[in-house]
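1. How does the following fold in three dimensions:
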Amino acid sequence: MLQAAPGKITLVGIGPGHVEHMTARARAAIAEADVVVGYVTYIKLVADLIDGKEVVRKGMTEELDRAVSALEAARAGKKVALISSGDAGVYGMAGPTYEVLFQAGWTPDDPVAVEIVPGASALNACAALVGAPLTHDFCAISLSDLLTPWPVIARRLDAAAAADFVVALYNPKSGRRTRQIVEAQRLFLRHRRPDTPAVVVKSAYRRRQTIHHTTLDRLVEADIGMLSTVLIGNSATFVRDGLMVTPRGYANKYDTEHEAREGERPGRSLSTGLLGWLDTLRAQAAAGHTVADLACLYNLPADYIAATLAEPEDRAHD
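-> Numbers count the residues shown, from 1 in each chain. Model prediction:
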């Protein structure tokens, strides 16, 4: 008796939800699949692509079940498209699937192949709709405490706010989880101006898309739910003509004629970059500033300042 050919699991990031924003590879992976597995809402988003296929629909909190179903179908020789909105590796199904695979003894040499098809995550989709808020350093934090202890989330929020990241908040609020966004706002207001730009995007690129510009101090007044993503700007982010923009920092180096400012060189680090700062730090230490003084001045850990000053000067300038 012939054995079934080994199957395959393709983790498909379908992007924000509209077929126009899916990659060609994502559409092809779904077309090639014998079985499509996904959260019921995501299945609806690709309904036009799955006629005639076996479809396994799962609920909101059944991520592990989705992964188990995908593995069982692949072990039976079927090609499986396990779909996630956005990117499968960003709060998506890639992590739970690998956990299930490893627990089942799977390795990359296993007959069941695994492929991840990337897609545009919610923060990319929302940013494209509102301007250019992610042009400088940013991070993403989920406010869901279904699997992560709140103190861990709170420490991440506080650190990101203090470090002046633009922040994308995923899973900001649900019918049961209403206070998390209030606590996030409270933590950010410890470090950011009340008028810091913020925007709430709901159902980006889907039928009921809404965009609400606001400020940090009024954030919790907005209509926020599980289909929302919240973007909070950094200290340089501004809104002009309805567009949220975070400057990259060109004004620190170039004047209005696009010429390098005095002391700056095109293509080289800022004069206040690492090497320039090291020179300044050593000069300040030589002038009598203590490690504690310098740690306070630059809002950096004292042990980091001490270790930096202890480095041989020639090594520091390598």
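
2. Phi first, then psi, for the spatially most central residue of the chain.
-> Closest residue to the average C-alpha location of the chain: residue 140 at 3.7 Å, with CA atoms, centre = their mean. Residue 140 has phi and psi values of phi -120, psi 140 when expressed as degrees, to the nearest 10.

3. how about the residue nearest to it when sequence neighbours are not counted, what does it touch?
-> Counting by CB to CB, 6 or more residues apart in numbering, residue 140 lies nearest to residue 168, which is 4.5 Å off, once chain neighbours are set aside. From N, CA and C alone the C-beta is placed, and that goes for glycine too. Listed by CB atoms under 8 Å, 6 or more residues apart in numbering, the contact set of residue 168 reads 122-123, 126, 134, 138-141, 229-231.

4. and the next element down the chain from the strand or helix carrying residue 168?
-> Here residue 168, judged by DSSP states H and E, is contained in strand 166-170. Beyond strand 166-170 on the C-terminal side, the first helix or strand identified by DSSP H and E is helix 180-189.

5. Contacts for stretch 254-265, please.
-> Here stretch 254-265 makes contact (CB under 8 Å, 6+ apart) with 252-253, 266, 270-271.

6. now, among these, which is nearest to residue 304?
-> Proximity of the contacts of stretch 254-265 to residue 304 (CB to CB) peaks at residue 270, which lies at 19.6 Å.

7. In this model residue 250 seems to touch the closest one, though I could be wrong.
-> No: using CB atoms under 8 Å, residue 270 is not in contact with residue 250, being 11.1 Å away.

8. okay, the two: which has more neighbours?
-> Shown here are residue 270 and residue 250; by other CB atoms under 10 Å, residue 270 has more neighbours (16 against 8).

9. which secondary structure element contains the more buried one?
-> Following DSSP H and E, there is no helix or strand that holds residue 270.

10. and the residue nearest to the centre of the chain, how far is that from residue 16?
-> Between residue 140 and residue 16 the distance is 15 Å, computed by CB to CB, to the nearest Å.

11. Over to residue 161?
-> Residue 161 is 26 Å from residue 16, where distance means CB to CB.

12. Which secondary structure element of this protein has the lowest mean pLDDT?
-> None of the helices or strands of the chain scores lower by mean pLDDT, DSSP states H and E than helix 313-316, at a mean of 61.

13. follow-up on the earlier one: ok, now which ones touch the residue nearest to the centre of the chain?
-> 90-91, 121, 123, 167-170.

14. Give me the neighbour count for the nearest residue to residue 55 once chain neighbours are set aside.
-> Nearest non-adjacent residue to residue 55, counting by CB to CB, 6+ apart: residue 36, 5.2 Å away. Counted with other CB under 10 Å, the neighbours of residue 36 add up to 25.

15. quick one: the helices in the stretch 201-318 of the chain?
-> Listed in chain order, the helices of the stretch 201-318 of the chain (DSSP state H, counting those that start in this stretch) span 274-286, 291-298, 302-310, 313-316.

16. between these, which gets the lowest average pLDDT?
-> Lowest mean pLDDT of these: helix 313-316, a mean of 61.

17. that older thread, how near is the residue nearest to residue 140 to residue 124?
-> 9 Å.

18. just how off-centre is stretch 302-311 within its chain?
-> 32 Å (CA atoms, centre = their mean, to the nearest Å).

19. hmm, I was thinking of stretch 268-287
-> 32 Å.

20. For it, list every residue counted as buried.
-> Applying a neighbour-count criterion of 16 or more other CB atoms under 10 Å, one finds 270-271, 278, 281, 284-285 buried in stretch 268-287.

21. do the same with stretch 257-264
-> residue 264.

22. which residues are common contacts for residue 168 and residue 124?
-> Residues within reach of residue 168 and of residue 124 at once, by CB under 8 Å, 6+ apart, are residue 134.

23. Settle this for me: residue 157 is touching residue 142, isn't it.
-> No: Residue 157 sits out of contact with residue 142 when judged by CB under 8 Å, with a separation of 10.6 Å.

24. re the thing from before, give me the secondary structure label for the residue nearest to residue 55.
-> Of the three states, residue 36 takes strand according to DSSP: H, G, I helix; E, B strand; the rest coil.

25. check contacts around it.
-> Residue 36 makes contact with 30, 43, 46, 50, 53-56, 80-81, 83 under the criterion CB under 8 Å, 6+ apart.

26. Repeat that for residue 12.
-> By CB under 8 Å, 6+ apart, the contact set of residue 12 is 26, 29-30, 81-84, 88, 117, 119.

27. Thought residue 15 was touching residue 23, still the case?
-> Yes: Residue 23 lies in contact with residue 15 (CB under 8 Å); the separation is 7.4 Å.

28. Comparing those two, which residue is more hemmed in?
-> More crowded of residue 23 and residue 15, by other CB under 10 Å: residue 15, with 26 against 16.
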